[in-house]
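Participant: Build me a model from this:
(one chain, ligands or ions: 2)
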Amino acid sequence: MSDFEFEDSNSGSFARFLSNGCVSCQKGAKMVLFVTGRCYRDCFYCPLSDERKDRDVVFANERPVYLDEDILEEAESMNAEGTGITGGEPLLESGSVLHYISLLKSRFGPGHHIHLYTSIPADNDMIQKLAAAGLDEIRFHPPTEMWESLVGSDFEASIRTAQAAGISAGIEIPALPNAVDVAVFAKKIDCFLNLNELEFSENNADAMKEHGFSLIDNESNAVFGSREIARQAYEVGGKINFCASRYKDAVQLRLRLIRTAVSSARPFDEITADGTIIYGKLKIQSVFLNDFATFLEDLEVPAEAYEILDPDGNSDDFAVVETAAGIAEELAEIFREDEISDFGEVQFWLFERYPFSNGFVVESSRIY
Ligand SMILES: C[S@@+](CC[C@H](N)C(=O)[O-])C[C@H]1O[C@@H](n2cnc3c(N)ncnc32)[C@H](O)[C@@H]1O
Ligand code: SF4
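Facilitator: Ligands and ions are numbered 1, 2, ... in the order given. Below you'll find the predicted structure:
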């Protein structure tokens with residue numbers, strides 16, 4: 001853990017303390033492991049999407065998880081330094097949480113930092129199990145109606161038990177009115193307090209409006225006034241980190257995409273500053289593939305500069321050759337100028353997409 005003063009004028013984040021989990025999260029180096037969308041609470045501000053809320057699903061980042069291997073592959077694909085376990089309420093599936101902690105620690109070693117979000121004040125037995133599995137950090141989210149009366153509560157007991165068991169423990173809540181009371185409590189018991197800028201999501205928008213909240217502007221999801229509440233809480237002192245909505249989107253997500261792109265890009269993929277990849281795509285009738293490969297060899301295009309994707313090898317179908325954007329552009333130019341027709345109809349495209357397998361396509365354009 002580190003003590004310092006941090007103020008990011010671009011995003012609006014500020015902190016005088018960052019837990020180790022936050023340090024790797026800020027680098028975009030944490031995988032998000034979502035363990036069950038079920039939750040026994042009903043916070044009006046809960047941001048969960050329909051795809052996840054109340055559903056017994058597991059996701060590693062955006063990848064649905066059916067097998068342990070899905071989690072390990074996702075962590076490898078982004079070269080993760082650690083994992084944040086969230087939900088729903090992950091401790092409703094405590095057996096899975098313990099299993100995943102052990103799995104990640106045994107594959108990636110004790111240095112793979114794992115933190116857990118929970119709204120349950122876990123009892124001594126559960127804390128000992130989490131510690132034995134290797135959990136590094138736990139962040140409790142007490143219900144808003146308890147924020148003024150946390151002293152002597154089960155949450156205080158859980159935080160103290162976790163700290164005694166060697167788990168770094170604190171509180172993480174959205175910056176809603178009364179967060180100042182939580183700051184007073186956190187300072188008193190000397191635990192960290194992470195404040196999230198309150199955000200609108202598709203599913204909580206109606207409830208947020210009913211509670212009198214509005215957006216800062218039309219370009220962000222952040223709630224008007226949440227940052228000012230966090231600032232008041234910050235003035236209380238103590239180990240506080242305010243994570244702005246823009247910081248999550250603009251910095252953490254972008255850095256995670258870049259990490260994923262760097263570890264999974266093919267030699268010819270171009271990685272953009274946003275972490276997307278750009279490449280060229282040629283669509284060609286499968287029957288002409290062998291001749292076309294010879295044509296590329298004659299042009300001295302190196303083998304590592306393209307990849308042939310012909311899934312079913314059916315000669316009636318179109319196959320795909322993916323290559324560097326620059327090579328696709330040059331080939332398109334050659335085909336156009338020389339009016340080449342030896343390979344049937346060949347289409348030339350440029351693609352930009354997220355760096356996951358079958359990642360969302362940001363843009364595609366046909367160049368010839
Ligand atoms: C969605 S919860 C899931 C884990 C667990 N149920 C909990 O509440 O901690 C994960 C984190 O999101 C934060 N959060 C919930 N609603 C939010 C909102 N509308 N805006 C910003 N953060 C929110 C919570 O404070 C919590 O730290
Ligand atoms: S405790 Fe967490 S998951 Fe459950 S309703 Fe509240 S914010 Fe949503």
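Participant: helix or strand for residue 358, which one?
Facilitator: Secondary structure from DSSP states H and E places residue 358 outside every helix and strand.
Participant: okay, now it: neighbour count?
Facilitator: If you count neighbours by other Cβ atoms under 10 Å, residue 358 ends up with 7. For the C-beta atoms, the positions are set from N, CA and C on the backbone; glycine is no exception.
Participant: Residue 160 touches residue 190, doesn't it?
Facilitator: No. Look at residue 160 against residue 190 with Cβ atoms under 8 Å: they stay out of range, at 10.2 Å.
Participant: List the buried residues for stretch 49-61?
Facilitator: 52-53, 57-61 (16 or more other Cβ atoms under 10 Å).
Participant: Look at residue 160 and residue 190 and report which has more neighbours.
Facilitator: Legend: neighbour count by other Cβ under 10 Å for residue 160 and residue 190, higher for residue 160 (14 against 11).
Participant: ok now do that one, which residues does it touch?
Facilitator: When contacts are counted by Cβ atoms under 8 Å, 6 or more residues apart in numbering, residue 160 is found next to 169, 189.
Participant: Would the helix or strand hosting it count as contacting ligand 2?
Facilitator: Element membership for residue 160, per DSSP H and E: helix 154-164. No. Using Cβ under 6 Å from any ligand atom, helix 154-164 never reaches ligand 2; the gap is at least 12.8 Å.
Participant: Tell me where the stretch 151-300 of the chain has strands.
Facilitator: Assigned by DSSP state E, counting those that start in this stretch, the strands in the stretch 151-300 of the chain fall at 168-174, 192-196, 240-243, 270-271, 277-285.
Participant: So for residue 255, which of the ones you listed sits nearest?
Facilitator: strand 270-271 (12.3 Å; Cβ to Cβ).
Participant: Show me what the closest one is packed up against.
Facilitator: helix 254-264, strand 277-285 (3 or more Cβ pairs under 8 Å, 6 or more residues apart in numbering; DSSP states H and E).
Participant: Among the ones you listed, which one carries the weakest average confidence?
Facilitator: Sorting the helices and strands packed on strand 270-271 by mean pLDDT places helix 254-264 lowest, at a mean of 91.
Participant: What helices and strands are in contact with that helix?
Facilitator: Contacts defined by 3+ Cβ pairs under 8 Å, 6+ apart place helix 254-264 against helix 68-77, strand 270-271.
Participant: To residue 8, which of those lies closest?
Facilitator: strand 270-271 (23.9 Å).
Participant: for that closest one, what is the average pLDDT?
Facilitator: Strand 270-271 shows an average pLDDT of 96 in the prediction.
Participant: Show residues contacting it.
Facilitator: Residues outside strand 270-271 that contact it (Cβ under 8 Å, 6+ apart): 258, 261-262, 265, 277-279, 324-325, 355.
Participant: Now do the helices in the stretch 251-368 of the chain.
Facilitator: All helices of the stretch 251-368 of the chain, identified by DSSP state H, counting those that start in this stretch, fall at 254-264, 289-298, 325-338.
Participant: Burial-wise, tell me which of those comes out on top.
Facilitator: Compared across those, helix 254-264 shows the largest average neighbour count, a mean of 19 (mean count of other Cβ atoms under 10 Å).
Participant: As CSV, the strands of the stretch 151-300 of the chain with distance to ligand 1 would be great.
Facilitator: Below are those laid out as CSV (distance: least, Cβ to the nearest ligand atom, whole Å):
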stretch, distance to ligand 1
strand 168-174, 4
strand 192-196, 4
strand 240-243, 9
strand 270-271, 30
strand 277-285, 30
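Participant: Of those, which is nearest residue 340?
Facilitator: strand 277-285 (11.6 Å).
Participant: list the helices and strands that closest one packs on?
Facilitator: Helices and strands touching strand 277-285, by 3+ Cβ pairs under 8 Å, 6+ apart, are strand 270-271, strand 318-323, helix 325-338, strand 347-353.
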